[in-house]
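Chemist: Return a 3D structure for these sequence lines:
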Amino acid sequence: MTQSPPLARALNGARSRKGAGARVEGIDYGPLAQWLGFHLRLAQIASFQAFAAEVGEVDLPPGRFALLTLIGRNPGISQTVLSRAAGRDKSTLTPALRDLRKRELILCQRLARDRRSYHLSLTPAGQTMLRRLTHCAARHEHNLERIVGARDRPKLLRLLNKIVTELG
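Modeler: You can find the predicted model right below:
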């Protein structure tokens, strides 16, 4: 079995955290072992799992944290603008907003001039949650920077933004 070092580390790390079954010896990953998209996905999964461990008992995925951050930084943002800013389509944004509303973290207010549109803002509980999660996210970000290295961080961000710009 041929694996690139990041894939081997990711799979070995998954095995140590997840126990038996996370890695099957002898599996042939074929071209996935060298494909950027596959490694981007593995990195996203690892990052999301580490974020979840950092926030502990708060059952709020990183995507919800991103939405809270965007809403908190842009009170009154519309769902349409939020969708574009978060890189999400309506089919994934709507259930996420419904969940945040159910948790009483956001308010959705209809616009008087356009009854189909909503303006979003944080509730006081949402502001408190965002502050708490921002501290957790800062620790998570510090760990990611430790892994990537402060010198390589700007380059990685440029490359990731290039992918988003070219493919988005």
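
Chemist: which residues does the residue lying farthest from the centre of the chain contact?
Modeler: Relative to the centre of the chain, the most outlying C-alpha is that of residue 113, 33.3 Å out, by C-alpha atoms, centre = their mean. For residue 113, no contacting residues are found, by C-beta atoms under 8 Å, 6 or more residues apart in numbering. No exception for glycine: its C-beta is placed from N, CA and C like everyone else's.

Chemist: Three-state assignment for it, please.
Modeler: coil (DSSP: H, G, I helix; E, B strand; the rest coil).

Chemist: cool, residue 108 as well?
Modeler: With three-state DSSP as the basis, residue 108 sits in strand.

Chemist: Look up the closest residue to it, ignoring the ones flanking it.
Modeler: residue 118 (4.4 Å; C-beta to C-beta, 6 or more residues apart in numbering).

Chemist: quick one: least confident helix or strand in the chain?
Modeler: Comparing helices and strands within the chain by mean pLDDT, DSSP states H and E singles out helix 5-18 as the least confident, with a mean of 44.

Chemist: partners of the residue nearest to residue 108 in the sheet?
Modeler: Beta-bridge partners of residue 118, counted by DSSP bridges, are residue 110.

Chemist: At which residues are the strands of this structure located?
Modeler: Using DSSP state E, the strands of the chain run over residues 77-78, 106-110, 118-122.

Chemist: and those strands as TSV, adding distance to residue 151?
Modeler: Converted to TSV, the strands of the chain look like this (distance: least, C-beta to C-beta, whole Å):
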stretch	distance to residue 151
strand 77-78	35
strand 106-110	38
strand 118-122	36
